[in-house]
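Asks: When you get a sec, could you give me coordinates for this:
(one chain, ligands or ions: 1)
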Amino acid sequence: MAVGEKVFGENAVRVRIAPSPTGKLHIGTARTAVFNWLFARHHGGAFVLRIEDTDVERSRPEYTENIREGLTWLGLTWDEGPFFQTDRLDLYKAAIQTLLDQGSAYFCFCTEAELETLRADQEATGQAPRYDNRHRHLTAEQQQAFVAEGRLPVIRFKIDDDRAITWNDQVRDEVTWTGTDLGGDMVIARRAPFGEIGQPLYNFVVVVDDVDMRITHIIRGEDHVANTAKQILLYEALGAEVPLFAHTPLILSPTGKKLSKRDGVTSIEDFRKMGYLPDAMVNYMTLLGWSPPDAQERFTLAEAAEQFGFERVNKAGAKFDWDKLNWLNSQYIHDMATDRLTNLLIPLWQEAGYEFDPLDRLWLEQLTALVAPSLVRLNDAIDMSRYLFVPTIEYSEEAIAQIQQDDVVAVLQALIDRLDGNAPLDETGAQELIQQVVKAAGVKKGVVMRSLRAALTCEMHGPDLIQSWLLLHQHQLDLSRLQQAQAQTSRN
Ligand code: GLU
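Replies: So this is what the prediction gives:
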C-alpha cells in the first residue's frame, strides 16, 4: 500500500512507530508503539509502521521479522506499511539536494583525524564537543584542493548557534533548546565523492519520511528530545509544517536506572518466552507512564484507547515493576477459558519433553483447570505439571520425610491393597477409599492426605490433591507411585 492510501480524512491524526531493525523488538519501542496505537485509535487516526533500516551494517531482516511478529503478537496492528527507508533513498537524496541548492547544507571535507583533534582540544579546554562549522564557507578553490587530496566530504546542515528552538511538547509542555547545544552543523549524509550525495542519516531521513507520510504527532521516547530540536530546524528548512511532539518517559529498571540488557529481559520475545500473555503485556506497558482517569489497573487496549490522552502521561521515568506485571499476567491467565489456555500450554509441555497424546483432550483440559489457579506465567505450568506426565520423579526432602514417618507404612499398604489401578476412579470413590484407609491404618485423615500427597506428587505442596490423583489414575500412574513410595519406607 502506498503512503497515505488509506484515507482517514483531511485532518486526521497520523502517527507512526519507526523501529530500527538492529535488534529484537525492545520493550521501550513496544511501549512507544502502544502509546502511538492508543492515540491513533482514540482519534480514529492512522498508525503507520516504518522500518528505519538506513544503517545497513547493523540492520537485519530477521530483526524486521521479529519486530513485525512482536507488534502483531501484542495486537498493535498498523494501518499502513511497513515502509522501508532503504526503498526511499531517492526521496532523501532529492531533499538533500534541495537543502544544498538553497544553501542550508554544504559539503564538509574535515577528516576523522581533524575532527578528533578538534574534540581533544575542546576537551582540554573544558568545552563541550562540537563541530566548529569550519567548512561552512569554503570557496570553490578550497573545495577543489580538498578533492585533489582525495578527501571525501560529508554533507552538513547549518545550525545557527543563536537560534532558539521552542516547541509545545504534549507531555513536557514548553521545551526550549538553543542552537549552541546541538553540537554544531549536523551531518545529514555520509562521505561520498564531492558532488554526490552519500548515505543519508537518521535525523534527516526521519524528517523527510514524517513529512511525506503526513505524520501529525510524533510520539517517542524522551531520549529523542535533542533530535527533536534538530529536526524542527529541518522541517523549517524543507518548508514543511512542524508536527506536534510528545516525548514519553523512559522505562527504568526497578532500581531507577535506564533499563538495559543487564536487567535480564528487554525484548518482547523474551517476555513471550517467559510465559507472559500479550494482553497482560500491553496492559502493563500502557501503565508504564500512563494512568487511566478511573485509576483502573486492568483493561484491554480498546478500553485504554477510549480514555488515552497525553494529559495523563507522566513526565518522570517509569520504573519497571515485576510484581505488577506478574499480578496482571496471573489475572489474565485465571480468567482465560480452559480450552484456550490448554492450547497455549500444550506446546510448552511438548517443548519440555513430556510425552503425551495431544488428542487426550479431556485429560489435558482437566490438568489445565487443575494448575490454572496457581499460574503466574504460562511457563510455571511446566514444573507444576511434571509429576502428572513423568512416570518416575524424585521426591522432595519434605516428601521423603513424610513418607518415612512410622505410621505411613500402614497407610501406604492399606491404599495399595484397596486401589484397583485399572478400575475407573472418581472423586467420590477416592474420598471413600481415603475413609477406608483412615480406619484400616488407624490414623487421622490428615496423615492419609499428607502421605498421599507425598507419595503421588512427590512434594508436600501443590495443586488440589484429589484432582491430581484422579488425573494420575487415568494414566495409571497412581498405583506405581504408591509402590515407589512404599519402597522408600521399607529401605529404613
Ligand atoms: N528509529 C528510531 C529508533 O528506533 C526512532 C525514531 C523516531 O521515532 O523518530 O529509536
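
Asks: I figured residue 156 hits residue 104, correct?
Replies: No - with contact defined as Cβ atoms under 8 Å, residue 156 does not reach residue 104; the gap is 10.0 Å. All C-beta atoms are positioned from the backbone trio N, CA, C, and that covers glycine.

Asks: who does the residue of the stretch 101-250 of the chain found nearest the ligand bridge with?
Replies: Residue nearest to the ligand within the stretch 101-250 of the chain: residue 220 (3.8 Å; Cβ to the nearest ligand atom). Per DSSP bridges, the residues bridged to residue 220 are residue 247.

Asks: hang on, it packs against residue 249?
Replies: No - contact criterion Cβ under 8 Å: residue 220 and residue 249 do not qualify, at 11.5 Å.

Asks: Pick out whichever of those two has more residues nearby.
Replies: Legend: neighbour count by other Cβ atoms under 10 Å for residue 220 and residue 249, higher for residue 220 (23 against 20).

Asks: List the contacts of that one.
Replies: 18, 32, 246, 247, 248 (Cβ atoms under 8 Å, 6 or more residues apart in numbering).

Asks: filter these by proximity to the ligand?
Replies: Filtering those for proximity to the ligand (criterion: Cβ under 6 Å from any ligand atom) leaves residue 18.

Asks: OK, contacts around residue 300?
Replies: Counting by Cβ under 8 Å, 6+ apart, residue 300 touches 279, 283.

Asks: Check the gap between it and residue 306 for me.
Replies: Distance, residue 300 to residue 306, using Cβ to Cβ, to the nearest Å: 10 Å.

Asks: out of the contacts of residue 220, who's nearest residue 459?
Replies: For those, the minimum distance to residue 459 (Cβ to Cβ) is 43.3 Å, reached by residue 32.

Asks: That closest one and residue 221 touch, don't they?
Replies: Yes - the criterion here is Cβ under 8 Å, and residue 32 meets it with residue 221 at 5.9 Å.

Asks: For these two, indicate the residue with more neighbours.
Replies: Neighbours were counted for residue 32 and for residue 221 using other Cβ under 10 Å; residue 32 has more, 22 against 17.

Asks: Assumed that one was part of a helix.
Replies: Yes - under DSSP: H, G, I helix; E, B strand; the rest coil, residue 32 falls within a helix.

Asks: and residue 156 and residue 104? which has more neighbours close in?
Replies: residue 156 (23 against 18).

Asks: Can you report how many residues neighbour the closest residue in space to that one that isn't next to it in sequence?
Replies: Setting aside the residues directly before and after it, residue 156 is nearest to residue 185 in space (Cβ to Cβ, 6 or more residues apart in numbering), at 4.1 Å. Using other Cβ under 10 Å, residue 185 is surrounded by 26 other residues.

Asks: Pull the contacting residues for residue 185.
Replies: 106, 108, 131, 133, 136, 156, 157, 158, 159.

Asks: Weed out the non-buried ones from these.
Replies: When the contacts of residue 185 are checked for burial by 16 or more other Cβ atoms under 10 Å, the buried set is 106, 108, 131, 133, 156, 157, 158, 159.

Asks: for the last one, helix, strand, or coil?
Replies: Local secondary structure at residue 159 is given as coil here, using three-state DSSP.

Asks: contacting residues for it?
Replies: 179, 182, 184, 185, 186, 230, 233.

Asks: For residue 321, see how far away the nearest residue to residue 263 once chain neighbours are set aside is.
Replies: Once flanking residues are discounted, residue 263 sits nearest to residue 253: 4.8 Å by Cβ to Cβ, 6+ apart. According to Cβ to Cβ, residue 253 stands 11 Å off from residue 321.

Asks: which residues sit in contact with residue 269?
Replies: Residues in contact with residue 269 (Cβ under 8 Å, 6+ apart) are 24, 25, 66, 69, 70.

Asks: actually residue 345, not the one I wrote
Replies: Counted by Cβ under 8 Å, 6+ apart, residue 345 has contacts 364, 368, 378, 381, 385.

Asks: Show me what the one helix or strand the first one maps to is packed up against.
Replies: When secondary structure is defined by DSSP states H and E, residue 364 falls within helix 361-371. Judged by 3 or more Cβ pairs under 8 Å, 6 or more residues apart in numbering; DSSP states H and E, helix 361-371 is in contact with helix 338-351, helix 380-389, helix 465-474.

Asks: Would you tell me which of these gets closest to residue 195?
Replies: That would be helix 338-351 among those, by Cβ to Cβ, at 57.5 Å.

Asks: Buried residues, the closest one. List them.
Replies: For helix 338-351, using 16+ other Cβ under 10 Å, the buried residues are 341, 342, 345, 346, 348, 349.
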